[in-house]
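In: just the structure for this:
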Amino acid sequence: MPEKKLTIPDIRNRKNGTPISVLTAYDYPWARMVDAAGIDIVLVGDSLGMVVLGYPDTVSVTMEEMLHHTKAVVRGVERALVVTDLPFGSYNSSLPAAINNATRMLKEGRADAVKLEGGVAMAPVAEAIVRAGIPVQGHIGLTPQTATNLGGFKVQGKSAHAAQQLIEDAMALEEAGCFSIVLEAIPAPLAAHITSRVTIPTIGIGAGAGCDGQVLVIHDLVGFYDRFTPKFVKQYTRLSEPIAAALAQYKAEVENRSFPDETHSFTMKSEEMDKLLELY
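Out: Predicted coordinates:
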């Protein structure tokens, strides 16, 4: 029997308790493995645009792409809470559009919650979605969808003024009804301070150990994406190396005709083959 499916209250109750583990997944096989490992939240991140679809950024990802991958992930998850990103342009044009797109993620994608980027400016959007009955996870600090406005993929909140803005962002999202907040690429002391100021869990990524949980992109964690590895990523293995070796061996065996051998081939009775040769 699988463990009981985690709920929003389960995650909220982990505040100041056992740290919350979060990993991304973008398809059925990875979702199954992440869920089987006992990870608490599976995030269908719009990072799929870069690590799965080959886009240069997350801005290019569409609603239809997010729905497609969310459906696949949900089919592979039994225990974890599934949170999916609202892609750029799906929630920052109007409140009706934001509510409609968030609703699609739950109705069509079967996600448990949605995530959106932005602090004070996006708090009214988060509140409107929450009022519509849809759980929302916030995301502040380095927000990849609007990284250009932030000067690129840089650490945020390093000055007192910038840190104050992030504190206000977190408090605004809490007031809007978010059940948790992702803190990305901010100084560890600031992340710990924000965590102490809000009553909802914080999930850090490049934000130190003082958060209520941690999230990483699965392809970064297992060394399956080599275009860029952020400073805050710990690679627990490098799957790309044995996979590359296996592919090279396959190519060589095909070319020298050692694959397939008898072990990997089907046979037929010799008399049947003889009958065939008599006919043709």
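In: not counting sequence-adjacent ones, nearest residue to Thr7?
Out: Closest residue in space to Thr7, ignoring its immediate chain neighbours: Leu81 at 7.1 Å, by CB to CB, 6 or more residues apart in numbering. Any C-beta I mention is one placed from the backbone N, CA and C, and that applies to glycine too.
In: what's the answer for Tyr250, then?
Out: In space, Tyr250 is closest to Phe259, 7.0 Å off (CB to CB, 6+ apart).
In: helix, strand or coil: sort out the one you found for me.
Out: Put simply, Phe259 is coil when judged by DSSP: H, G, I helix; E, B strand; the rest coil.
In: quick one: pLDDT of it?
Out: Note on Phe259: pLDDT of 94.
In: and for it, the neighbour number?
Out: Residues near Phe259, counting by other CB atoms under 10 Å, number 15.
In: Ile186: what's it in contact with?
Out: Residues near Ile186 by CB atoms under 8 Å, 6 or more residues apart in numbering: Gly141, Leu142, Val155, Gln156, Gly157, Ala163, Leu166, Ile194, Gly206, Ala207.
In: quick check: pLDDT value at the third one.
Out: When you say that, I think you mean Val155. Note on Val155: pLDDT of 89.
In: my read: it touches Ala162, true?
Out: No - with contact defined as CB atoms under 8 Å, Val155 does not reach Ala162; the gap is 9.8 Å.
In: more crowded one of the two?
Out: Val155 (18 against 15).
In: excluding covalently adjacent residues, which one is nearest to the more buried one?
Out: Leaving aside its chain neighbours, Val155 sits nearest to Ala185 (5.1 Å; criterion: CB to CB, 6+ apart).
In: identify the residues contacting that neighbour.
Out: The neighbours of Ala185, taking CB under 8 Å, 6+ apart as the test, are Gly141, Leu142, Phe153, Lys154, Val155, Gln156, Ile205, Gly206, Ala207, Pro230, Phe232.
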